[in-house]
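> next one to model:
(one chain, ligands or ions: 1)
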Amino acid sequence: MKLRVMALLCLALAGGGCASVQTTQGGVVGIERQQSFSILLSAEQMDQGAGQAYQKIIAEARAKGTLDRDPAQTQRVQRIAARIIQVTNAFRTDAPSWKWEVHVLTSDQINAWCMPGGKIALYSGIIEKLQLTDDEIAAIMGHEIAHALREHGRERASSAVNQAIAVRIIGGLLGVGDVGQTLADKVLTATIGSRNSREQETESDRIGVELAARAGFHSRAAVQLWQKMAKAGGAGGPVWLSTHPAAETRIRDLEAYSVKVMALYEQARGSHPR
Ligand SMILES: [Zn+2]
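Coordinates of the predicted model:
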């Protein structure tokens, strides 16, 4: 089932925006809800800004010699990503045909993200410092991809309190407003540069374990990943934690949901022999 625009509601939000309300596909984990987006801020606009921001980051990394430096590591990450991308249709049917891009950036940072429209980066620091298994890489990938599938950045930018962000992004599109900050910069700030809400984090955790399981990766690896992440915390710890707060309840929730998707994992494992 495609994401459907259920209704157009003109809301008297600060900034005077209209909202489009969409219902989502919930998957086996049952994460269904209605999402509200500012009609002033389309998915296409977010994707356009994200695409520009991503190309800039990739070009800079290439110039610095920090892009996909280890071919074996890059292939490993891209192979895992491809399996997960293939099963994204469980949550939205248009996603498998997005213009996905997956790169590894050489950096000490423990970080990873997926921008709107499927532009992914994994930092070598997260793979090497946490000594990630394939299943754990799949857990991160599933979680980050879930943020993009649910358009969490656009959702945050659309909320009443963030109308100013929406207005700035639209200004960037029209070439008006504060000069010096490009559309790409604004989308970057509004998406991977800002903290997700607790609801968005929980949603991505649960969708993430299902995506990993459907792709034949052990869903319990998400629990191990968070345990590793917590150990690596503290000063100079994971950059990832600044936008993905490690709540006490998080690991318990992941444990419960990794059990719920076990049958999907068992089913998928047959087509992905180890
Ligand atoms: Zn997250």
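
> can you pull out the strands in the stretch 101-250 of the chain?
101-105, 112-115, 119-123 (DSSP state E, counting those that start in this stretch).

> is the second one positioned near the ion?
No - in terms of CB under 5 Å from the ion, no part of strand 112-115 sits within range of the ion; the closest distance is 8.8 Å. Just so you know, the C-beta spots here come from the backbone N, C-alpha and C atoms, and that holds for glycine as well.

> give the other helices and strands that that strand contacts.
helix 43-64, strand 119-123, helix 134-149 (3 or more CB pairs under 8 Å, 6 or more residues apart in numbering; DSSP states H and E).

> again, only using 10 Å
In terms of contacts (3 or more CB pairs under 10 Å, 6 or more residues apart in numbering; DSSP states H and E), strand 112-115 is packed against helix 43-64, strand 101-105, strand 119-123, helix 124-129, helix 134-149, helix 183-190, helix 240-243.

> now do the phi/psi pair for the closest residue to Lys260 other than its chain neighbours.
The shortest distance from Lys260 to any non-neighbouring residue, by CB to CB, 6 or more residues apart in numbering, is to Val29 (6.1 Å). Val29 adopts backbone torsions of phi -70, psi -10, taken as degrees, to the nearest 10.

> surely Val29 and Tyr257 touch.
Yes - in this structure Val29 lies within contact range of Tyr257 using CB atoms under 10 Å: 5.8 Å.

> looking at those two now, which is surrounded by more residues?
The neighbour comparison of Val29 against Tyr257 (other CB atoms under 10 Å) goes to Tyr257, with 24 against 21.

> excluding sequence neighbours, find me the nearest residue to Gly49.
Nearest to Gly49 is Val187, by CB to CB, 6+ apart, at 3.0 Å.

> and that neighbour, how many neighbours?
32.

> so it makes contact with Gly193?
Yes - using CB under 10 Å, Val187 is in contact with Gly193, at 9.1 Å.

> quickly list what's touching both of those two.
Ala53, Gly153 (CB atoms under 10 Å, 6 or more residues apart in numbering).

> could you point out which element follows the lowest-mean-pLDDT helix or strand in the chain?
Within the chain, no helix or strand scores below strand 4-10, which has a mean of 33 by mean pLDDT, DSSP states H and E. Sequence-wise, the next helix or strand downstream of strand 4-10 (DSSP states H and E) is strand 18-23.

> alpha carbons only: can I get that following strand in PDB?
Listed next in PDB are the C-alpha coordinates belonging to strand 18-23 (Å, rounded to 0.1, in the frame of the first residue of the first chain):
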ATOM      1  CA  CYS A  18      -1.400  23.900   5.900                       C
ATOM      2  CA  ALA A  19      -0.800  20.300   6.800                       C
ATOM      3  CA  SER A  20      -1.100  17.100   4.800                       C
ATOM      4  CA  VAL A  21      -1.900  14.000   6.900                       C
ATOM      5  CA  GLN A  22      -0.500  10.700   5.800                       C
ATOM      6  CA  THR A  23      -1.100   7.200   7.200                       C
END
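
> hang on, the earlier thing: using CSV, please lay out the strands of the stretch 101-250 of the chain together with mean neighbour count and mean pLDDT.
Output for these, formatted as CSV (neighbours: other CB atoms under 10 Å; pLDDT from 0 to 100):
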stretch, mean neighbour count, mean pLDDT
strand 101-105, 21, 98
strand 112-115, 25, 95
strand 119-123, 24, 97
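
> how many neighbouring residues does Glu199 have?
11.

> so it makes contact with His152?
Yes - using CB under 10 Å, Glu199 makes contact with His152 at a distance of 9.4 Å.

> if we can go back for a sec, residues contacting the residue nearest to Lys260?
Contacts of Val29 (CB under 10 Å, 6+ apart): 90-91, 203, 205-211, 213, 257, 260-261, 264.

> likewise for Ala59?
Leu67.

> in stretch 52-63, what counts as buried?
Going by neighbour count (16 or more other CB atoms under 10 Å), the buried part of stretch 52-63 is Gln52, Ala53, Tyr54, Ile57, Ile58, Ala61.
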